[in-house]
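Peer 1: sharing a model prediction with you, sequence too.
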Amino acid sequence: MAYEGINLYECATTLYPWGQTYVVVVSGSSWNPCGHTILNVGGANGHYFHIAGDGYARPYYMDAKGYQRYLSENQKKELNRQYVKVPKPLKAQQRLDELASKPWLWMVLPNNCASFVEKILQAGGADGGLYSNCPAMEGWN
């Protein structure tokens, strides 16, 4: 099975560097033209968070090396990396911790990888989101 990251089961002990936050879009599977959304906190050498899987799944964490492994093993390419200002970093981290504390119900478009990232960033006071929940078709607005 291809590497997805490490399942999140506990809260971070320190605040992540939310001043360098990016919405990262990678290519999707052959049946998925919308791509896949990953939250990057701390820039290219920082922390990566995403949700993947069918039904109920726990969020995943990757460091920079894990992210490169994820791209390689899943035969994905980074399509876009867009900076997002997070004015309330503690609120964003609290929401991430909350979402990591329980399985996520994956529902393809209404409750998918893009909406996972949206919930965290909007809790942190970031403006915008993805209107179609199809990240390869639009940028963070």
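Peer 2: That came through fine.
Peer 1: which residues are in contact with residue 21?
Peer 2: By C-beta atoms under 8 Å, 6 or more residues apart in numbering, the contact list for residue 21 reads 39, 40, 41, 83, 84, 85, 86, 92, 121, 124, 126. C-beta here means a position set from N, CA and C on the backbone, and glycine is covered the same way.
Peer 1: if you set the cut-off to 10 Å instead, what comes out?
Peer 2: If a contact means C-beta atoms under 10 Å, 6 or more residues apart in numbering, then residue 21 has 39-43, 46-47, 82-86, 89, 92, 117, 120-121, 124, 126 as its contacts.
Peer 1: ok, now residue 52?
Peer 2: 4-5, 36, 38, 58-60, 70, 74, 104, 106, 112-113, 116.
Peer 1: low-confidence ranges, the chain, go.
Peer 2: For the chain, applying pLDDT under 70 flags the ranges 30, 107-110, 131-133, 140-141.
Peer 1: just the strands in it please.
Peer 2: Counting by DSSP state E, one finds strands in the chain at the ranges 6-7, 21-26, 36-41, 47-50, 56-57, 60-62, 78-83, 104-105.
Peer 1: which residues are in contact with the first one?
Peer 2: Looking back up the chat, that one is strand 6-7. With C-beta under 10 Å, 6+ apart, strand 6-7 has contacts from 53, 57, 58, 59, 60, 61, 62, 63, 66, 100, 103.
Peer 1: again with the last one
Peer 2: Contacts to strand 104-105, defined as C-beta under 10 Å, 6+ apart, come from residues 51-53, 55-59, 111-113, 115-116, 119.
Peer 1: strands paired with that strand, and their directions?
Peer 2: Neighbouring strands of strand 104-105 in its sheet, by DSSP bridges, are strand 56-57 (antiparallel).
Peer 1: okay then, goodbye and thanks.
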